[in-house]
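Undergrad: curious how this folds, go ahead:
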Amino acid sequence: MTNLFSTFDPTTSMFNMPLNWSSLILGVLFIPMPFWLIPTRISMIWIKSMYYLHKELKTLLNSKTSSLMFTSLFMMILMNNFLGLMPYIFTSTSHLITSLTLALPLWLSFMIFGWINNTQHMFTHLVPLGTPGPLMPFMVCIETISNIIRPGTLAIRLTANMIAGHLLLTLLGNTGNSMSTTLMPMLMMLQLALLTLEGAVSIIQSYVFTVLSTLYSSEVNYEK
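TA: Now for the predicted structure:
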């Protein structure tokens, strides 16, 4: 198991500098300069997808909140998820420290803003509508715990999905040496199918992370 999980160890270094974590900003190097200047087909597809995401997030947010931070968060997670599918590139989103670095400051800023500016609204959120009187203390405890574990569930969901797909690809790839030549095409087709599935998971998980962060923000930004 140590050898299996060693693909997720950030051990590559040069001059005592960890090179694995440079994959967080590595995606910017793959974008050519004309992408920002000339409206090519790729840039138009990217801009249209960001526009549709912006429209969907604006339905969850109120009119005073901008969706720029959440669309940027989606772009960052999506780029890192896809970079992790390439050979010899460290998957930074498969580590809990990266996803917690994204989820915890967001949740903490929402909580601080909500409890300072909308204290009464935050208190009413602890007791769902129609809760019987004897159950109110228990509901307050349950809602408080579910609110506290939100950044953890966001981070673990992203990390676990990234680890699971990469482990499955690694396990199947390691069986290729001991497999017969007749079964090799089947293994290659299965690996391609898993790679396609992992690409879809990369998009879905970045979208889920962004939408849930937006929902947490919309609960706090209450318009009176």
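
Undergrad: for residue 46, grab the count of nearby residues.
TA: 14 (other CB atoms under 10 Å). (C-beta placed from N, C-alpha, C; glycine too.)

Undergrad: ok, which stretches of this protein are strands?
TA: Secondary structure of the chain (DSSP state E): strands located at 13-14, 17-18.

Undergrad: can you give me the mean pLDDT across the last one?
TA: Mean pLDDT, taken over the full extent of strand 17-18, equals 64.

Undergrad: ditto for stretch 168-186
TA: 79.

Undergrad: can you give me the first-to-last residue distance of that stretch?
TA: Distance across stretch 168-186, first residue to last, is 15 Å (CA to CA, to the nearest Å).

Undergrad: and that stretch, what's buried?
TA: residue 169 (16 or more other CB atoms under 10 Å).

Undergrad: which other helices and strands contact the longest helix along the chain?
TA: Under DSSP state H, the helix in the chain containing the largest number of residues is helix 184-220. When contacts are defined as 3 or more CB pairs under 8 Å, 6 or more residues apart in numbering; DSSP states H and E, helix 184-220 packs onto helix 41-60, helix 68-83, helix 96-117, helix 150-174.

Undergrad: closest one to residue 204 among the ones you listed?
TA: Nearest to residue 204 among the helices and strands packed on helix 184-220 is helix 150-174 (8.3 Å), distances taken as CB to CB.

Undergrad: and that closest one, how far from the chain's centre?
TA: Computed by CA atoms, centre = their mean, to the nearest Å, the chain-centroid distance of helix 150-174 equals 11 Å.

Undergrad: if we can go back for a sec, deepest of the helices and strands packed on helix 184-220, which one?
TA: Compared across these, helix 68-83 shows the largest average neighbour count, a mean of 19 (mean count of other CB atoms under 10 Å).

Undergrad: quick one: contacts of stretch 179-189?
TA: Residues from elsewhere that reach stretch 179-189 (CB atoms under 8 Å, 6 or more residues apart in numbering): 172, 175, 176.

Undergrad: where in the protein is pLDDT low?
TA: 1-19, 21, 32-36, 62-65, 221-224 (pLDDT under 70).

Undergrad: switch the cut-off to 90
TA: Where the chain drops to pLDDT under 90, the residues are 1-73, 75-99, 101-102, 106, 109-151, 159-196, 198-199, 213-224.

Undergrad: can you verify my assumption that residue 155 contacts residue 102?
TA: Yes: counting by CB atoms under 8 Å, residue 155 touches residue 102, with 7.5 Å between them.

Undergrad: could you tell me how far the residue lying closest to residue 27 once chain neighbours are set aside is located from residue 93?
TA: Distance criterion CB to CB, 6 or more residues apart in numbering; nearest residue to residue 27, sequence neighbours excluded, is residue 79 at 3.8 Å. Here residue 79 is placed at a distance of 10 Å from residue 93 (CB to CB, to the nearest Å).

Undergrad: residue closest to the middle of this protein?
TA: What sits nearest the mean C-alpha location of the chain, by CA atoms, centre = their mean, is residue 206, with 4.0 Å.

Undergrad: wait, which of the contacts of stretch 179-189 is closest to residue 202?
TA: residue 172 (18.0 Å).

Undergrad: now for the residue lying closest to that closest one once chain neighbours are set aside: which residues touch it?
TA: Using CB to CB, 6+ apart and skipping the chain neighbours, the partner closest in space to residue 172 is residue 191 (5.9 Å). Residue 191 is in contact with 169, 172, 173, counting by CB under 8 Å, 6+ apart.
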